[in-house]
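# predicted coordinates and the sequence they were generated for:
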Amino acid sequence: MRNDDAGATAAHPLTTMLDRGLGILEYMAAQPGGLPLAHIADAVDIPRSACHRLLAQLKSRGYVRQVRPQGDYVLTTRLVALGLGFLSGSGIVDVAQPLIERLAERSGELVRLSIVDEDRLTWVAKAEGGRKGFRYDPDMGMDARLSCTSSGHAWLLTLSDERAVALVARQGFGPPQQYGPKAPTTVKALLGFLHAARVRGYAMIDEVFAPGMSAVAAPVRRAGAPAIGVISIAGPRRRLTAARIQALAPALLAAAAELALEINASGLFSRTPLGKG
């Protein structure tokens, strides 16, 4: 064990173990194919012996499993179940689902709801239009990349430039393979997107999140209050053209406004810590 590692463990053993365990879970969440112990340990920068102990504990609690004895480690669905259980109990998705389903039927594209949770924006529900063929469909439960998604831009447009830049700086722009050819990669370029979105009242992107894809998104917020979520529509740019986006924008804004009213009337956000963006 490294000397600095031993000192940290001696000083705060429980905090260190928790931090390491969460770091392992967060890293593995982006690696659905599974990883060997050595790779995980090196990626999260902890000794392999400590990583083995933590993985064994996570395995015993049902959060991690091995593909075969002595094989790669993969996450189970236990974390997903916890998140979905929380959302189900809060009632947020129940209120939103009919709205996003109507919007998906009207647009024929993928409609998603994301929820603001302090400094994160997480996709929590979706509805798919009736079209067949390829659909742009990020995994539910993932955090939106704020710098290059329409959902991220729709939330950031409700914030000050300083707050928006701070959130993106914390998350990072990400490596080039994680976004499209027109994605902003500097603060100046990002602010250009956000200033234009504020003028429109909604965010729209074209080959920003992924090649060949476009999207539009509107914040869900009550008058005078921070945004509590975002509704977005996404699809192939050959279908979801700029003209099509402009035609769908009124329905998108109406759905976002209706959802904000329903959430406010239901008192959901007075009973949950979400929506403190």
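Sure, I can see it.
# count the neighbours of the nearest residue to residue 36 once chain neighbours are set aside for me.
Excluding its sequence neighbours, the residue lying closest to residue 36 (Cβ to Cβ, 6 or more residues apart in numbering) is residue 72, at 5.3 Å. (C-beta placed from N, C-alpha, C; glycine too.) Using other Cβ atoms under 10 Å, the number of residues around residue 72 comes to 16.
# now do residue 209
Neighbour count of residue 209, defined by other Cβ under 10 Å: 26.
# how much space between it and residue 198?
Going from residue 209 to residue 198 by Cβ to Cβ, to the nearest Å gives 20 Å.
# how much space is there between the residue nearest to residue 36 and residue 28?
Residue 72 sits at a distance of 10 Å from residue 28 (criterion: Cβ to Cβ).
# any weak-confidence spans in the stretch 1-150 of the chain?
In the prediction, the stretch 1-150 of the chain carries residues with pLDDT under 70 at positions 1-15, 80-81, 83-91, 130-141.
# what about the helices in it?
With DSSP state H, counting those that start in this stretch applied, the stretch 1-150 of the chain shows helices at 3-11, 13-29, 37-44, 48-60, 78-90, 92-107, 150-156, listed in chain order.
# give me the common contacts of residue 72 and residue 28.
Common contacts of residue 72 and residue 28 (Cβ atoms under 8 Å, 6 or more residues apart in numbering): residue 35.
# which residue is the nearest non-sequential neighbour of residue 54?
Nearest residue to residue 54 in three dimensions, chain neighbours excluded: residue 21, at 5.2 Å (Cβ to Cβ, 6+ apart).
# the one you found reaches residue 56, doesn't it?
No: using Cβ atoms under 8 Å, residue 21 is not in contact with residue 56; the gap is 11.2 Å.
# of these two, which one has the most company?
Between residue 21 and residue 56, residue 21 has the larger neighbour count (other Cβ under 10 Å), namely 21 against 12.
# for stretch 115-124, output the C-alpha coordinates as PDB.
What follows is stretch 115-124, C-alpha atoms only, in PDB (Å, rounded to 0.1, in the frame of the first residue of the first chain):
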ATOM      1  CA  ILE A 115     -34.800  16.200 -13.800                       C
ATOM      2  CA  VAL A 116     -32.500  18.800 -12.100                       C
ATOM      3  CA  ASP A 117     -30.900  17.500  -9.000                       C
ATOM      4  CA  GLU A 118     -28.700  20.300  -7.600                       C
ATOM      5  CA  ASP A 119     -25.700  20.400 -10.100                       C
ATOM      6  CA  ARG A 120     -26.900  17.400 -12.200                       C
ATOM      7  CA  LEU A 121     -29.400  16.800 -14.900                       C
ATOM      8  CA  THR A 122     -30.600  13.200 -15.200                       C
ATOM      9  CA  TRP A 123     -32.800  11.600 -17.800                       C
ATOM     10  CA  VAL A 124     -35.600   9.800 -16.000                       C
END
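# of all the residues in that stretch, which ones are buried?
Residues of stretch 115-124 classed as buried: 115, 116, 117, 120, 121, 122, 123, 124 (neighbour count, 16 or more other Cβ atoms under 10 Å).
# in strands, which of those fall?
115, 116, 117, 120, 121, 122, 123, 124 (DSSP state E).
# bridging across strands, which residues link to the fifth one?
Pointing back at residue 121 there. With DSSP bridges applied, residue 121 shows beta-bridge pairing to residue 116.
# contacting residues around it?
Going by Cβ under 8 Å, 6+ apart, residue 121 touches 114, 115, 143, 144, 146, 151, 152, 155, 230, 277.
# ok, the first one touching residue 230?
Yes: assessed by Cβ under 8 Å, residue 114 is found in contact with residue 230 at 4.7 Å.
# find the residues that touch each one of these two.
121, 144, 151, 155.
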